[in-house]
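1. based on what follows, work out the 3D shape:
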Amino acid sequence: MPWPAYRDDRGAAVVEFVLVSILLVACFLGVVQLGLVLHVRNTLVACAAEGARYAANADRSPADGAAHAQQLIRASLTDSFAADVRGSLTTVGGAPAVQVEVHAPLPVVGVFGPTGSLVVRGHALDEDAL
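-> As a prediction, the model looks like this:
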C-alpha cells in the first residue's frame, strides 16, 4: 500500500539543516562575543594593575600610573579603550595605596552585542607612604 501524498518527507532535510544552522551560528556568535569581552576585560585589568604598580614606585604620582596604563592599553588594544583612565590615592585594608581606574566601552561583534561599559581597577601599595 503506497504512502499518502501528505506523508511525503522529501525536502525536509533541507529545511531542518537551515533551522539547525541558524541556531548553531547564533550560539557560535554568542561564544565569540563572550570571548572578546573577556579578553578585553582581562587585558584592561592587567594594564590597570601594571599602571598602579608603576605609580606606587617611589617618586611617582597616580597621574604617572594612569599615563602608563593608557600607554599599555593603546599598545595592546585600540585607542578608544584608553580614553578614560584615572589614577588616585586610596586605602586598601587600612594601608595607603594607588588606584588606577579604567572606563572603557564593551566591545561589540555585530548588531546584537551587549551595550554599556567596563570599569576595572588596579591597586598597589604606595611606597612613598610606607
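
2. who's in contact with the closest residue in space to D84 that isn't next to it in sequence?
-> Of all residues not flanking D84 in the chain, H103 sits nearest, at 4.0 Å (Cβ to Cβ, 6 or more residues apart in numbering). Any C-beta I mention is one placed from the backbone N, CA and C, and that applies to glycine too. With contacts defined as Cβ atoms under 8 Å, 6 or more residues apart in numbering, the neighbours of H103 are 83-86, 117-119.

3. after the longest helix seen in the chain comes which helix or strand?
-> Assignment by DSSP state H gives helix 12-56 as the longest helix of the chain. Going down the chain from helix 12-56, the next helix or strand is helix 62-76, by DSSP states H and E.

4. neighbouring strands - and their directions - for the helix or strand that comes right after that following helix?
-> The first helix or strand that comes after helix 62-76 along the chain, using DSSP H and E, is strand 84-92. Here strand 84-92 has these sheet partners by DSSP bridges: strand 95-105 (antiparallel).
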